[in-house]
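S.K.: take a look and give me a structure for this.
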Amino acid sequence: MGKSWSFKPNRTIIARSHKGAVRGLALAGEHILGVSNNKAPIEESTLIRSGAASVDDKNLRGAVSYDTPYATRQHEDMHLRHDAGREAKFLESAFNSEQDAVQQIIAKAIKGEL
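M.R.: Residues are numbered from 1 along each chain as shown. Prediction:
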């Protein structure tokens, strides 16, 4: 003998959850961009100014990117010298270190919409 139940969210709940997730992804992207910018090589700030956070709201995917001709080399080349506190793998490092914060940011934004 057992009992079961199901949950079918109405359209309002689905729409508000989606809205919160999009907002959370945007905030999380900005958070990662900020952490990454604090680690990115800096000479004239061109690399940092090219950084952007974006959200694909249809597929609920966030992204952070840099758009300079040398961004990939600065990120990947472990042999380049950087000022103190600046490093290669600045975006990857920020992404990896901030996963808990990203989850909390997104959850808080969804909760705020509900």
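S.K.: with adjacent residues omitted, what lies nearest to Gln74?
M.R.: Distance criterion CB to CB, 6 or more residues apart in numbering; nearest residue to Gln74, sequence neighbours excluded, is Pro41 at 5.1 Å. Using the backbone N, CA and C atoms, a C-beta is placed for each residue, glycine as well.
S.K.: I'd say that neighbour and Arg86 touch.
M.R.: Yes. With contact defined as CB atoms under 8 Å, Pro41 and Arg86 form a contacting pair (4.9 Å).
S.K.: what about Leu27, neighbour count?
M.R.: 18 (other CB atoms under 10 Å).
S.K.: check it and give its pLDDT.
M.R.: The confidence metric pLDDT takes the value 98 at Leu27.
S.K.: re earlier: next, find the distance separating the residue nearest to Gln74 from Ser97.
M.R.: Distance, Pro41 to Ser97, using CB to CB, to the nearest Å: 18 Å.
S.K.: out of the two, which sits in the busier spot?
M.R.: Pro41 (18 against 13).
S.K.: mind checking how far that one is from Leu33?
M.R.: 15 Å.
S.K.: with Leu47 instead?
M.R.: 12 Å.
S.K.: please apply the same query to Leu60.
M.R.: Counting by CB to CB, the gap from Leu60 to Leu33 is 18 Å.
S.K.: can you check Arg61 too?
M.R.: Look at Arg61 and Leu33: by CB to CB, they are 15 Å apart.
S.K.: ditto for Asp56
M.R.: Taking CB to CB, one finds Asp56 at 16 Å from Leu33.
S.K.: the two: which is more packed in?
M.R.: The neighbour count for Asp56 versus Leu33, taken as other CB under 10 Å, is higher for Leu33 (20 against 11).
S.K.: list the contacts of that one.
M.R.: Gly51, Ala52, Ala53, Val64, Ala94 (CB atoms under 8 Å, 6 or more residues apart in numbering).
S.K.: now the helices for the protein?
M.R.: 11-39, 46-49, 71-76, 90-97, 99-113 (DSSP state H).
S.K.: now distance to His82 too, for those, in CSV please.
M.R.: Shown next, in CSV, are the helices of the chain (distance: least, CB to CB, whole Å):
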stretch, distance to His82
helix 11-39, 9
helix 46-49, 11
helix 71-76, 8
helix 90-97, 9
helix 99-113, 24
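S.K.: okay then, goodbye and thanks.
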